[in-house]
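Visitor: Pasted the sequence and its predicted model underneath.
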Amino acid sequence: MESEKKSSAVSDAGAWAMNVISSVGIIMANKQLMSAGSYAFGFATTLTGFHFAVTALVGLVSNAAGFSASKDVPLWELLWFSIVANMSITGMNFSLMLNSVGFYQISKLSMIPVVCIMEWILHNKHYSREVKISVVIVVIGVGVCTVTDVKVNAKGFTCACLAVLSTSLQQISIGSLQKKYSIGSFELLSKTAPIQALSLLFLGPFIDYFLNGKSIADYKMSYGALLFIILSCMLAVFCNVSQYLCIGRFSAVSFQVLGHMKTVCVLTLGWLLFDSELTLKNIMGMIIAIAGMVIYSWAMEVEKQSSAKPVAAPAMNGTTEEETELLKEVAKTNLAPAKDIEFGETTEG
C-alpha cells in the first residue's frame, strides 16, 4: 500500500512537472516566434490549429501502434466539447486584442472562482474554508505580480466573459468525460484533437485576419520561423497531454490554482532570458502566490485525509440491540441441555 502511494505521488509530480515545463516552454517558443523583433508570426489561432493537428497525428500513430486504445465516446459529446474548447481559444485571443493586458490578466484570474462555482452548480461540489482562503491568496498574489493597467470596454468585457466561461466549462468537461466513459487522458485527447484541428485550421486564418489585419498566405516563411513552429507543435503535444492528465488526476480547480506556478516561471524566465523588468511588486506577488499554492496543496491533502478516515463502527461490530439480545438467547440455548426439536425430548448424554 505504501509503495502504491509513493508511485502515485511520483506520477502526480511527473504530470505537474510535464505541464509546467511544456507550458512555459511553449510560451517562450511562441514569444520568440510571434514577437515583432523576431519572426513576427502573428497567427495565434492558426498556430493552435497546427498544435492540435500534430497532437491528432501522434494519437493516430499511438493507436495504430497499439500504445493506446480507442474507446467509444458519442460523437455529439466530442463535437460539443470541441465547440466549447474552440470558443475558449478564440475568446481568449479576442479578449487580449480588445482589452488591456491588465484586464486580460484579471479575466484569467477569475477562472478559479468561476470553476469553483460551476463545479458547485454542475456537480454539487463543496470546498473547505482552508481551500477557499488559499484560492483567494493565490488570486491576490498573481494579481499583484501581473495586473498593471486596467481598461475595459463593452466588446472586450463580453469576449472576456465568454472566454472565462468556455475555458472553465472545457476544463470541467475534461474530468467529467474521463470519469463518465472510463477513458484515459491521452485517449480522450486523441478523440477531440482531430475535430479541433480541422475546425481551427479552417477558421483560424479568418479569425487571425480579423485580429491583426494580416493574411497567413502573405507571410514569408523562413527556416527559423519553421523551426520554432515545429518546436511549438512538439511542446503543444506534451502540454495538451499533461493538461488532460492533470485534470483527470486532480480537478479543474487544482489545475487552475497550481497552474499559476507557470505564471511565476514565465516572469522569472522572461527576466533571465529576455531582460524583462522584474520589480519588487512582481517579486512580492510571486511570493504571495507561491504561499497560496502551498496552503492550497496542504488544504487539499487535509481534505483528502479527512474524507478517507473510516466511519466509527457501531458497538458489537454493527449489530443492533435486537441482534445482541438474539445472540444472548442463542448462547443460553447452547448452554442448556439439547432437546430433540421434533419430539421435544431431552437427549442428555
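Guide: Arrived safely.
Visitor: D208 is in contact with G42, correct?
Guide: Yes: using Cβ atoms under 8 Å, G42 is in contact with D208, at 7.2 Å. Using the backbone N, CA and C atoms, a C-beta is placed for each residue, glycine as well.
Visitor: Which neighbours do these two have in common?
Guide: Common contacts of G42 and D208 (Cβ atoms under 8 Å, 6 or more residues apart in numbering): K214.
Visitor: who has more neighbours, those two?
Guide: Between G42 and D208, counted using other Cβ atoms under 10 Å, the more crowded position is D208 (21 against 18).
Visitor: Check which helix or strand the more buried one maps to.
Guide: helix 185-212 (DSSP states H and E).
Visitor: Give me the distance from that helix to the chain's centre.
Guide: 19 Å (Cα atoms, centre = their mean, to the nearest Å).
Visitor: can you pull the buried residues of it?
Guide: Across helix 185-212, burial judged by 16 or more other Cβ atoms under 10 Å covers 185-197, 199-201, 204-205, 207-209, 211.
Visitor: same question, stretch 108-122
Guide: K108, L109, S110, M111, I112, P113, V114, V115, C116, M118, E119.
Visitor: Tell me which residues are up against that stretch.
Guide: Under Cβ under 8 Å, 6+ apart, the answer for stretch 108-122 is 125-127, 135, 138-139, 142-143, 147, 164-165, 167-169, 171-172, 176, 251-253, 256-257.
Visitor: if we go to 7 Å?
Guide: Applying Cβ atoms under 7 Å, 6 or more residues apart in numbering, the external contacts of stretch 108-122 come out as 125-127, 135, 139, 142-143, 164-165, 167-169, 171-172, 252-253, 256-257.
Visitor: From those, which land in helices?
Guide: 135, 139, 142-143, 164-165, 167-169, 171-172, 252-253, 256-257 (DSSP state H).
Visitor: V237: which of those residues is nearest?
Guide: Nearest to V237, judged by Cβ to Cβ, of the ones in helices among the contacts of stretch 108-122 is Q171 at 18.6 Å.
Visitor: how close does the closest one get to F94?
Guide: 19 Å (Cβ to Cβ, to the nearest Å).
Visitor: In terms of neighbours, single out the busier of those two.
Guide: Neighbours were counted for Q171 and for F94 using other Cβ under 10 Å; Q171 has more, 27 against 21.
Visitor: tally of neighbours for the residue nearest to that one when sequence neighbours are not counted?
Guide: Nearest residue to Q171, sequence neighbours excluded (Cβ to Cβ, 6 or more residues apart in numbering): A252, at 3.9 Å. When neighbours are counted by other Cβ under 10 Å, A252 registers 27.
Visitor: ditto for the one 10 residues further on
Guide: In terms of burial, K262 registers 17 neighbours under the definition other Cβ under 10 Å.
Visitor: again, but for Q178
Guide: Q178 - counted by other Cβ under 10 Å - has 19 other residues nearby.
Visitor: how about it, what does it touch?
Guide: Q178 touches S185, L188, G248, counting by Cβ under 7 Å, 6+ apart.
Visitor: Relative to E77, which of the residues you listed is nearest.
Guide: L188 (10.2 Å).
Visitor: list the buried ones in stretch 278-285?
Guide: N282, G285.
Visitor: Make 871 the first number, not 1, from now on.
Guide: Noted, 871 is the first residue going forward, which turns the last one into stretch 1148-1155.
Visitor: Quick one: residues in contact with stretch 1063-1074.
Guide: 915-916, 918-919, 922-923, 925-926, 929, 948-949, 952, 955-956.
Visitor: Let's verify E1147: helix, strand, or coil?
Guide: With DSSP: H, G, I helix; E, B strand; the rest coil as the basis, E1147 sits in coil.
Visitor: In the stretch 971-1120 of the chain, where is pLDDT below threshold?
Guide: The stretch 971-1120 of the chain contains residues with pLDDT under 70 at 971, 1018-1020.
Visitor: V1017 against I976, yeah?
Guide: Yes: between V1017 and I976 a contact is recorded at 5.8 Å, counting by Cβ atoms under 7 Å.
Visitor: Next up, the contacts around T925.
Guide: L1059, A1063, A1106, V1107, N1110.
Visitor: what pLDDT does S878 get?
Guide: The predicted local confidence for S878 comes out at a pLDDT of 68.
Visitor: so how far is V985 from G1026?
Guide: 22 Å.
Visitor: hmm, back to that, by neighbour count, which of the contacts of stretch 1063-1074 wins?
Guide: Most surrounded of the contacts of stretch 1063-1074: other Cβ under 10 Å gives F922, at 28 neighbours.
Visitor: Could you check which helix or strand contains that residue?
Guide: helix 914-935.
Visitor: follow-up on the earlier one: residues in contact with the residue nearest to Q1041?
Guide: A1122 touches V985, E989, Q1041, I1042, G1045, counting by Cβ under 7 Å, 6+ apart.
Visitor: and the gap between the closest residue to S932 other than its chain neighbours and K1049?
Guide: Residue nearest to S932 in three dimensions, not counting chain neighbours: S938, with 4.6 Å by Cβ to Cβ, 6+ apart. Separation of S938 from K1049 (Cβ to Cβ): 18 Å.
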